[in-house]
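Q: generate coordinates for the sequence data below:
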Amino acid sequence: MNERFLSVVQVAELLGTTVRFPRRLVEERRITYVKVGRHVRIPESAVQAYITANTVEPRRRRRLGMAA
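A: Next up, the predicted model:
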């Protein structure tokens with residue numbers, strides 16, 4: 001069990017958001033989490049999976065006016 005579990009505060013720092021954002025992700029069950037007593041811990045791999053799933057790749061621009 002080499003998985004690292006992060007607190008909501010640590011996830012917020014990692015994502016560069018307020019604490020409210022990861023709490024909302026947990027409440028809406030949009031991210032995997034573990035309850036340890038009354039504490040919520042989020043696996044580091046779940047944060048990486050969330051980032052990967054929500055990454056938007058840039059589009060290539062088409063050149064206009066250059067007909068072949």
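
Q: for this structure, what spans make up the strands?
A: Taking DSSP state E to define them, one finds strands in the chain at 5-6, 34-36, 39-43.

Q: how about residues contacting stretch 22-33?
A: Contact with stretch 22-33 is made by 8, 11-12, 15, 40-43, 46-47, 49-50, as judged by Cβ atoms under 8 Å, 6 or more residues apart in numbering. Just so you know, the C-beta spots here come from the backbone N, C-alpha and C atoms, and that holds for glycine as well.

Q: neighbour-wise, give me the winner out of the residues you listed.
A: Val11 (25 neighbours; other Cβ atoms under 10 Å).

Q: now that one. Nearest residue, chain neighbours left out?
A: For Val11, ignoring the flanking residues on the chain, the nearest one in space by Cβ to Cβ, 6 or more residues apart in numbering is Pro22 at 4.2 Å.

Q: just send the strands of the chain back as TSV, with distance to Asn54 too.
A: Listed next are the strands of the chain as TSV, based on distance: least, Cβ to Cβ, whole Å:
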stretch	distance to Asn54
strand 5-6	17
strand 34-36	21
strand 39-43	15
